[in-house]
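Participant: Model the structure of this input:
(one chain, ligands or ions: 2)
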Amino acid sequence: MITIALTKGRIEKDTVKILAEAGFDMSFMADKGRNLIFFDKAQDLRFLLVKAPDVATYVEHGIADLGVVGSDVLYEHPGSYLEMLDLNIGLCKFAVASIPSYDPLDHKRKKIATKYPNIATDYFRSKDEDVEIVSIQGSVEIAPVIGLTDAIVDIVETGNTLVANGLVEFEDIIRVSSRLIANSASIKKNPEIMTLIGRLEAVVGNEEV
Ligand code: PRP
Ligand code: MG
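Facilitator: Ligands and ions are numbered 1, 2, ... in the order given. Prediction:
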C-alpha cells in the first residue's frame, strides 16, 4: 500500500482535484465528515488528512510515502524529504507589509511579527539586516496596526487581509506553491511510487522545482 499525506484546509480542494484528474478515486472526499484516513482500495492507496507541517513529518518518518504541502511550510521546516513536483496550486507569496508610514530603509533595529520566524530571519539576513522577530500564531496583520512591531512577514494571496487592516506591501520575498514531496527510501524501495508521480506530473505539467 502507498500512503499519501494531504494538507487539510485551504489547498484540500485543489489537491483533490489534481489527484482525481490523475485517476485516483477521491470520491470519499465528498462525504468525509470528520474522518482523517481514507482509502482507494482498488489502487491500494491510503490518504491521510493532516496539518501542513505534519505532512512533512509523516513523509520524513516514512509513514507516508508521498505528501502534498505548501512550500511556505517546507521553507520554514526544512527536513529530509525529496521535493518531486510543483503542483502549481495554493499560489501565494511571502511579503513584508506594514502601515503606510513604515520606512523599510530606516536604519533602526526593526521588530517584525511573523508566523514564519525562519523565513523572516533568513530574508532580513540576506539583506544584512538584523531584526527582532516576534513570533505570532496568526492574525499577524494587526501587529503593526496596534504597535507591537514595525512590520510583518506573512503570506499574501489576494491581498484582502492587508487591505482590510490598512496595510501596504513593501517587499516581495518569495513565491509559494504546493509541492509534492516524497520519502527517499520509499522511492528506492517501491517503483510504483514513481509511476504515481508520473501520473501527477502528466496532470500538472512538468514543473521543475
Ligand atoms: C493567511 C495569511 C494572511 C492571509 C492571506 O491567514 O496569514 O493573513 O491568509 O490571504 P489574503 O491575501 O487572500 O487575504 P489565515 O487566514 O490562514 O489565518 P491566520 O494567519 O490567522 O492563521
Ligand atoms: Mg493570516
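Participant: Quickly check: the longest strand along the chain near ligand 1 or not.
Facilitator: Longest strand in the chain by number of residues (criterion: DSSP state E): strand 168-176. No. Strand 168-176 stays clear of ligand 1 (C-beta under 6 Å from any ligand atom), getting no nearer than 9.6 Å. Yep, even glycine has a C-beta here, placed from its N, CA and C like the rest.
Participant: now do stretch 125-138
Facilitator: Yes. Using C-beta under 6 Å from any ligand atom, a contact is recorded between stretch 125-138 and ligand 1, made by G138.
Participant: So for that stretch, mean pLDDT?
Facilitator: The predicted model assigns stretch 125-138 a mean pLDDT of 97.
Participant: Please export the C-alpha coordinates of it as CSV.
Facilitator: Extracted C-alpha coordinates of stretch 125-138, given in CSV (Å, rounded to 0.1, in the frame of the first residue of the first chain):
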residue,chain,number,x,y,z
ARG,A,125,19.8,38.3,7.0
SER,A,126,20.1,38.1,3.2
LYS,A,127,19.8,41.9,3.2
ASP,A,128,22.4,42.1,6.0
GLU,A,129,19.8,43.4,8.4
ASP,A,130,19.5,42.2,11.9
VAL,A,131,15.9,42.4,13.1
GLU,A,132,14.0,41.3,16.2
ILE,A,133,11.5,38.6,15.4
VAL,A,134,8.3,38.4,17.4
SER,A,135,6.6,35.0,16.8
ILE,A,136,2.8,35.3,16.4
GLN,A,137,0.4,32.3,15.8
GLY,A,138,-2.0,34.1,13.4
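Participant: Run the chain-centre distance for that stretch.
Facilitator: Centre-to-centre, stretch 125-138 and its host chain are 19 Å apart (C-alpha atoms, centre = their mean, to the nearest Å).
Participant: how about that stretch: buried residues?
Facilitator: Within stretch 125-138, the residues scored as buried using 16 or more other C-beta atoms under 10 Å are V131, I133, V134, I136.
Participant: Could you spell out the sheet neighbours of the host helix or strand of the second one, each with its direction?
Facilitator: Meaning I133. Per DSSP states H and E, I133 falls inside strand 132-135. Partners of strand 132-135 in the sheet, by DSSP bridges, are strand 111-114 (parallel).
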